[in-house]
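> Predicted model follows, preceded by the sequence.
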Amino acid sequence: MATRGEAEANDEVARLLATLIRLQTDSQAEAIAELHRSGIGPSRIAELFGTSAGTVNVAIRRTKTAHKRSKS
């Protein structure tokens, strides 16, 4: 189990990676979808982006729908 200091360091790394992904994508929704594809859950993504899990779920759903449309 991680110590409190390790947990805080891991959290900081997660926030930095989320910021980097956000900067490399065209929109927050795309960044959310990318984090979700990497296995991070909606609640954690919401925490990283300072938004609600509901907003994250909507972004995930919309990017999936847009991706399906672009394949057609």
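Looks like it arrived, so ask away.
> could you pull out the helices for the chain?
With DSSP state H as the criterion, the chain has helices at 4-24, 28-37, 42-49, 53-71.
> For the residue nearest to Arg22 when sequence neighbours are not counted, which residues are in contact?
Of all residues not flanking Arg22 in the chain, Ala31 sits nearest, at 4.2 Å (CB to CB, 6 or more residues apart in numbering). For glycine as for every other residue, the C-beta is placed from the backbone atoms N, C-alpha and C. Counting by CB atoms under 8 Å, 6 or more residues apart in numbering, Ala31 touches Ala18, Ile21, Arg22, Gln24, Thr25, Phe49.
> make it 7 Å
Residues near Ala31 by CB atoms under 7 Å, 6 or more residues apart in numbering: Ile21, Arg22, Thr25.
> and it, how far is that from Ala7?
Separation of Ala31 from Ala7 (CB to CB, to the nearest Å): 23 Å.
> next one: Ile21
With the distance defined as CB to CB, Ile21 ends up 21 Å from Ala7.
> Fine by me, thanks again.
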